[in-house]
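**Q** structure for this input, please:
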Amino acid sequence: MAEAVQLKRQITLLQGVAIIVGIIIGSGIFVSPVGILHHTRSVGLSLIMWAICGLYNTLCALCYAELGASMPESGGEYVYIKRAFGDFPAFLCLWIDFTLICPVGIAALSLIASLYILKPIFPDCEVPFIAERFLAIVIVWFLIAINMRNVKWATRVQVVITSSKVIALLIVIIIGMIAFMQGETEHFEDAFAGSELTAGSIALSFYSGFWAYSGWSYLNFLTEELVNPNRNLPLAIFISMVTVIVVYLVTNVAYLAILSPSQMLQSTAVAVTFAEQTMGSAWQWLMPVLIAISVCGTANGIALSMSRLFFIGAKNNHMPMFMGMIQSKFNTPASSLFVIMLLVLCYQTSEDIWFLIEMEGFGFATILTMVFAGQVYLRYKEPNLQRPIKVPIALPAILCVVSLFVVALTFYQKVSESLLALAIVCGGSVLYLIGNRWQNKPKSLQSKITWINVFFQKFLLVVPPLSEKDIDWD
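**A** Numbering: from 1, shown residues only. Predicted coordinates:
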């Protein structure tokens with residue numbers, strides 16, 4: 001019997017929670033959770049800012065839950081912006097994700113994972129550049145191969161990796177809390193002494209915490225593959241955000257039971273410094289390995305989610321046609337995943353990946369501003385749109401203003417990165433005019449475009465999505 005070639009609903013609530021938690025809890029809480037402490041200058045105020053940032057990101061996630069439940073389509077923010085403002089703003093969102101957020105994120109994470117896997121092998125010297133890059137390439141290839149082969153494999157890998165993150169965090173939490181209960185509380189005495197309460201410091205600490213919680217939006221890219229999305233999408237978001245907030249707060253308390261604020265600020269990898277002081281030479285190698293696994297989970301979640309975004313974009317003629325096709329045997333967006341891999345490999349050659357990451361921040365804040373503005377506008381544009389979840393309209397309006405402030409702050413703090421990101425967006429605008437608006441292209445150019453689409457269709461064995469109703473059963 002013929003079978004439809006399309007994305008299928010096979011992601012469960014547990015797997016949805018694992019995807020969100022696995023993306024949010026990446027390198028930040030293990031490697032350098034010091035941004036807030038650096039700007040607040042006190043233990044007490046830093047913990048309050050961790051909670052405030054978690055609450056803010058939870059409110060953002062609730063707005064996304066309303067949008068995802070009312071428009072249960074894969075594509076996330078791209079779909080919401082297109083529904084509110086139309087074709088061109090949606091393309092700009094897609095372009096930012098395509099050129100900055102997705103490939104830069106995966107490239108940086110793969111390099112971090114490679115570094116921490118190799119560090120125990122080279123304990124007394126720098127990790128060789130070639131070895132670090134080669135292992136990063138292998139990691140990306142492995143994750144992309146799993147995602148191209150089977151969605152269930154990718155989500156199960158995410159569950160396993162998320163479990164590894166939980167183990168690493170439990171090690172930190174158990175050791176730290178035992179020390180705390182045994183009276184190691186000197187770092188919490190007079191916890192608010194020296195607090196920096198200026199508007200600039202609070203804003204910068206909020207900025208640091210805002211990115212530490214990023215990743216909650218990625219399940220919205222997979223809505224069409226989520227079982228019972230109207231129930232499971234908001235539930236997965238809520239469970240994930242509450243879990244992450246609690247984990248972040250308890251982990252910071254555990255760190256501070258062992259390490260002084262000055263030790264945390266001087267450490268490039270807080271979890272590794274923590275392990276060196278508490279686990280002994282026989283076991284301290286375990287923490288770098290668990291960090292590497294954790295970071296791989298974030299990269300896997302980004303690839304899983306973003307490939308669906310580019311797949312949807314191609315179906316709307318905002319990406320090359322072959323990226324909107326499905327692998328005929330495995331029912332996965334193999335073309336989009338393959339292009340992601342190529343872009344990541346390009347970014348991995350950069351010697352200053354952190355410059356790219358900071359540029360990525362400008363793009364993400366811009367997208368959030370557009371999404372929340374669109375959510376407010378849709379209340380007036382489509383008042384009768386079925387909304388299984390409905391947040392007060394003041395919430396997305398306030399979040400839009402705050403996100404716009406974050407854009408301005410990013411531009412102020414990272415001028416060169418923001419200008420380069422802006423230039424990339426402008427370059428995307430030119431491509432939009434050529435690829436989408438220029439309808440009567442010369443036959444010579446159109447034949448080359450067709451050749452490229454046919455080549456990738458044969459190379460990856462991908463076909464246009466085919467639903468049950470499109471099949472001729474006779």
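
**Q** when you work out contacts or count neighbours from here on, use the C-alpha atoms and nothing else.
**A** OK.

**Q** can you pull out the helices in the stretch 101-250 of the chain?
**A** All helices of the stretch 101-250 of the chain, identified by DSSP state H, counting those that start in this stretch, fall at 102-118, 129-149, 151-181, 199-212, 229-258.

**Q** let me know which of those helices is tucked in deepest.
**A** Ranked by average neighbour count under the criterion mean count of other CA atoms under 10 Å, the helices of the stretch 101-250 of the chain are headed by helix 102-118 at a mean of 24.

**Q** what average pLDDT does that helix get?
**A** For helix 102-118, mean pLDDT rounds to 85.

**Q** what angle sits between it and helix 129-149?
**A** Helix 102-118 and helix 129-149 meet at an angle of 120 degrees, taking axes from the mean of the first three to the mean of the last three CA atoms, to 10 degrees as the criterion.

**Q** any residues touching helix 102-118, and which ones?
**A** Defining contact as CA atoms under 8 Å, 6 or more residues apart in numbering, one finds that helix 102-118 is touched by 27, 127, 132-133, 135-137, 139-140, 288-289, 291-293, 295-296, 298-299, 302-303, 306, 340-341, 343-345, 347-348, 353-354, 356-357, 360.

**Q** so which of those residues are in strands?
**A** Taking DSSP state E, every one of those sits outside strands.

**Q** keep only those of those that are in helices.
**A** Counted as lying in helices by DSSP state H, out of the contacts of helix 102-118, are 132-133, 135-137, 139-140, 288-289, 291-293, 295-296, 298-299, 302-303, 306, 340-341, 343-345, 347, 353-354, 356-357, 360.

**Q** flag the shaky bits of the stretch 251-400 of the chain, pLDDT-wise.
**A** 268-269, 281-282, 353-354, 356-358 (pLDDT under 70).

**Q** circling back: hey, least reliable of the helices of the stretch 101-250 of the chain by pLDDT?
**A** Comparing mean pLDDT across these, the weakest is helix 199-212, with a mean of 74.

**Q** tell me which other helices or strands that one touches.
**A** Counting contacts by 3 or more CA pairs under 8 Å, 6 or more residues apart in numbering; DSSP states H and E, helix 199-212 packs against helix 35-40, helix 43-70.

**Q** so which of these comes closest to L461?
**A** Among the helices and strands packed on helix 199-212, helix 43-70 comes nearest to L461, with 31.0 Å by CA to CA.

**Q** same question for the closest one, mean pLDDT?
**A** Here the average pLDDT along helix 43-70 is 87.

**Q** can you list phi and psi of the residue lying closest to A365 once chain neighbours are set aside for me?
**A** Of all residues not flanking A365 in the chain, V407 sits nearest, at 5.5 Å (CA to CA, 6 or more residues apart in numbering). Here is the backbone geometry of V407 (degrees, to the nearest 10): phi -60, psi -50.

**Q** now swap in S260 and tell me
**A** Phi and psi for S260, reported as degrees, to the nearest 10, are phi -80, psi 160.

**Q** list the contacts of it.
**A** H187.

**Q** now T410
**A** Listed by CA under 8 Å, 6+ apart, the contact partners of T410 are 361-362, 418.

**Q** how about a markdown table for those residues, with distance to S262 added?
**A** Shown next, in a markdown table, are the contacts of T410 (distance: CA to CA, whole Å):
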| residue | distance to S262 |
| --- | --- |
| G361 | 27 |
| F362 | 30 |
| S418 | 31 |
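
**Q** so which of those wins on neighbours?
**A** Ranked by neighbour count (other CA atoms under 10 Å), the contacts of T410 have F362 at the top, with 27 neighbours.

**Q** show the pLDDT at the most centrally placed residue in the chain.
**A** Closest residue to the average C-alpha location of the chain: G215 at 3.9 Å, with CA atoms, centre = their mean. Looking at G215, its pLDDT stands at 75.

**Q** same question, P33
**A** Looking at P33, the pLDDT reads 62.

**Q** give the contact list for L461.
**A** Contacts for L461 (CA under 8 Å, 6+ apart) come out as 327-328.

**Q** got phi/psi on it?
**A** Main-chain torsions, L461, degrees, to the nearest 10: phi 60, psi 50.

**Q** for it, report the pLDDT, please.
**A** Looking at L461, its pLDDT reads 85.

**Q** count of residues packed around the nearest residue to the residue nearest to the centre of the chain once chain neighbours are set aside?
**A** Nearest non-adjacent residue to G215, counting by CA to CA, 6+ apart: I24, 4.7 Å away. Neighbour count of I24, defined by other CA under 10 Å: 26.

**Q** again, but for H187
**A** Quick note: H187 (other CA under 10 Å) scores 18 neighbours.

**Q** do Q386 as well
**A** By other CA under 10 Å, 12 other residues sit near Q386.

**Q** over to P465?
**A** Using other CA under 10 Å, P465 has 18 other residues around it.

**Q** what's the spacing between it and I11?
**A** In this view, P465 and I11 are 19 Å apart by CA to CA, to the nearest Å.

**Q** now F364
**A** 25 Å.

**Q** kindly report the same for Q327.
**A** For Q327, the distance to I11 equals 18 Å [CA to CA].

**Q** is it true that P72 touches P229?
**A** Yes - with contact defined as CA atoms under 8 Å, P72 reaches P229; the gap is 6.9 Å.

**Q** for F180, which non-adjacent residue is spatially closest?
**A** Closest to F180 by CA to CA, 6+ apart is A257, at 5.4 Å.
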